[in-house]
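Q: just need the structure, nothing else, for what follows:
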Amino acid sequence: MPAIEGSYQHVKSENLEAYFEKMDVPWVMRKVIVASSPALEISRDGDEWKLMFTTPVKNNTIKFKLGEEFEESTPFGKTMKGKASMPAEDKLIINAKTADSDVNMTREFTFTDEGLEIVMKSDKHEEVAVRKFKRT
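A: Numbering: from 1, shown residues only. The predicted model follows:
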């Protein structure tokens with residue numbers, strides 16, 4: 001079982017711009033997100049998980065407990081309600097919905113000893129984006 005907690009650095013994205021375009025993220029913000037190479041720190045304090053994405057432009061922190069609804073702010077200014085689950089020892093899934101629509105978004109984190117991969121999907125469109133991180 002790979003460790004989940006720790007530090008990660010983004011190394012590669014696939015189809016990110018097309019995915020966020022279909023999610024109606026404004027052009028300027030889309031360009032900033034695609035150009036970013038975030039660091040990610042994952043920690044846990046008891047039952048509470050914390051994912052902290054850090055970039056030179058904007059930081060984003062998500063705090064949650066597995067199985068409980070939580071609220072998060074996206075880097076592009078939307079508020080979402082989500083719920084996280086861990087269906088396997090190497091997988092974390094966050095399902096979320098924006099407050100102003102019925103669009104469901106899924107982020108599936110798969111952990112390995114080398115790093116992690118985040119696959120992003122939405123029921124709004126067929127585009128799938130992938131962000132890959134190495135463990136630091």
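
Q: test my guess that Phe109 contacts Ile118.
A: Yes. Using C-beta atoms under 8 Å, Phe109 is in contact with Ile118, at 5.4 Å. Glycine gets a C-beta too; all of them are placed from N, C-alpha and C.

Q: please report phi then psi for the residue nearest the centre of the chain.
A: Among the residues of the chain, the one closest to the centroid is Arg107, at 5.6 Å (C-alpha atoms, centre = their mean). With angles defined as degrees, to the nearest 10, Arg107 sits at phi -120, psi 120.

Q: is it bridged to anything, and to what?
A: Ile94, Met120 (DSSP bridges).

Q: can you tell me how far it is from Val28?
A: Separation of Arg107 from Val28 (C-beta to C-beta, to the nearest Å): 23 Å.

Q: again with Ile94
A: In this view, Ile94 and Val28 are 25 Å apart by C-beta to C-beta.

Q: between these two, who's got more neighbours?
A: Ile94 (22 against 9; other C-beta atoms under 10 Å).

Q: surely the more buried one and Arg107 touch.
A: Yes. Counting by C-beta under 8 Å, Ile94 does reach Arg107; the two are 4.7 Å apart.
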